[in-house]
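Colleague: give me coordinates for this.
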Amino acid sequence: MKILHTADWHLGQTFMQKSRKDEHQLFINWLLATCKQEQIDVLIVAGDIFDVSNPSVEAMDMYHHFLLEAYKLNIEVVIVGGNHDSASRLNTTQSILNQLNIHVVGGEKNALSKIIPLKNKNTSEVEVVLVAVPYLRDGEIREISAQESNLEANEKFPFAVKKHYDDLLQEAKNQYPNQLIITTGHLYVTGSALSGNEKDLHSIGTLGQISSACFNEDYAYVALGHIHKPQIIKHPSETIVKYAGSPIPLSFSERDDLKEVTILEINEQKFTPTIIQIPQSRALIRIKGTENQIIEKLNSLSNNENKTLNNWVEIIITEKVNFRTFNENIREICALKNVEILKGSTDLPKEIFHNVREEFIAEMDNNPLDNIEKIFEIKCQKGGLNEENINELKPLLHFVINHLNQ
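Modeller: Numbers count the residues shown, from 1 in each chain. A predicted model of the protein is given here:
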């Protein structure tokens, strides 16, 4: 039996007002081809199939297309809900999809797991037992007291999660003795390596942070979703705790993450994992530096010959520039290199700024509104404009002021 583990597809994502439809479709095409080539028996998607709880018709069509093609390949598919998914929406087609050998465990109270015996296609004997667990919310797995503080919730939630997994493990053992047991999860395990924007997501409070020891050593493999950076998490025993990661970079902070799927094979009553890298149809690139450094780095980019789609670039400028001429210069380069700049920002040394309050000290006879041009200069400097650029804009400022004074 060969099992493929993936997660965090986020179908329907819009990034900087740009659709990811083409990237997701290319990934799904690659995944189906890989499953056929590797003769995959079971495919697990560990949550966040969709980017939002109410996905577009386009995203739903892509999801259903994948499931139909997987059925044609005789692949048993297990879908568990993530925090971005609507449990009720996933569960709506549960009974129909079950007829196609597709198991959907969306979540919701009283439906937070499913024990699935995975059978050998040739012998019809159970080879592996899968305990499918979706994203768990605090109020769904334990009773919460009205007098309970946030601190108490932080302490009780991990124990409730562990009990949930332990109870399911015992139930699976009772139903299928002496079988390899694996499980799924969509949660944040303490110590996980995060990509940039995920650090903000998971650093506020500790509710939802679970120790890897929460998973009993009798689980042979834990197929995780939620963290977009693929990685194996340290466990006290030989249990393999693995984040699949997202199949495409979902933000510029994920630009350097290698994207992959994990294939599991049984070897002497243990799992042997194999990693397969996911080819990327476009690169997300961050370029930071002075005007000359950015232009030099843009010029050094390849012409995108190995990518199906044009690359997306984020620019961070570390000095004041004339944005009119700067934008004209980089526009020509981007056209030649087949790249598109989606985001631009400045990261200027703080010591170069003049603060409005420093210029116009309170309780002194100098009202800031008496010198709008000075405030305009300060704001332009903070925006990264150099003196030449500011002087080019001043006639427009004067025009507006005169118009208002008429």
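Colleague: all helices of the stretch 101-250 of the chain, in order?
Modeller: Using DSSP state H, counting those that start in this stretch, the helices of the stretch 101-250 of the chain run over residues 138-141, 150-175, 196-202.
Colleague: now the residue positioned nearest the centre of the chain: closest residue in space, sequence neighbours ignored.
Modeller: Closest to where the C-alpha atoms of the chain average out (C-alpha atoms, centre = their mean) is His228, at 4.5 Å. Nearest non-adjacent residue to His228, counting by C-beta to C-beta, 6 or more residues apart in numbering: Ser246, 4.2 Å away. The C-beta positions use only the backbone N, C-alpha and C, and glycine is treated the same way.
Colleague: so where is the chain shaky, pLDDT-wise?
Modeller: 109-110, 145-146, 150-151, 153, 196-208, 304-307, 350-370 (pLDDT under 70).
Colleague: and it, what are its domains?
Modeller: Domain assignment of the chain by automatic domain parsing yields the ranges 2-277, 284-405.
Colleague: from the chain's centroid, how far away is the shortest one?
Modeller: This points to domain 284-405. Offset of domain 284-405 from its chain centre (C-alpha atoms, centre = their mean, to the nearest Å): 29 Å.
Colleague: from the opening residue of that domain to its closing one, how far?
Modeller: Terminal residues of domain 284-405 are spaced 47 Å apart (C-alpha to C-alpha, to the nearest Å).
Colleague: equivalent analysis for the first one, please.
Modeller: Looking at domain 2-277, the gap from its leading to its trailing residue is 17 Å under the measure C-alpha to C-alpha.
Colleague: distance from the chain centre to it, please.
Modeller: For domain 2-277 - counting by C-alpha atoms, centre = their mean - the centre lies 13 Å from the chain centre.
Colleague: neighbours of Lys114, how many?
Modeller: By the criterion of other C-beta atoms under 10 Å, Lys114 has 18 neighbours.
Colleague: what do you get for Asn310?
Modeller: Asn310, neighbours per other C-beta under 10 Å, totals 15.
Colleague: and what of the one 10 residues further on?
Modeller: A total of 22 residues lie near Lys320 under the criterion other C-beta under 10 Å.
Colleague: leaving out the residues flanking it, which one is nearest to it?
Modeller: Asn386 is the one closest to Lys320 (C-beta to C-beta, 6+ apart), at 4.1 Å.
Colleague: ditto for Ile49
Modeller: For Ile49, ignoring the flanking residues on the chain, the nearest one in space by C-beta to C-beta, 6+ apart is Trp9 at 5.4 Å.
Colleague: now the one you found: how far from Ala46?
Modeller: Distance, Trp9 to Ala46, by C-beta to C-beta, to the nearest Å: 10 Å.
Colleague: again, but for Leu130
Modeller: 11 Å.
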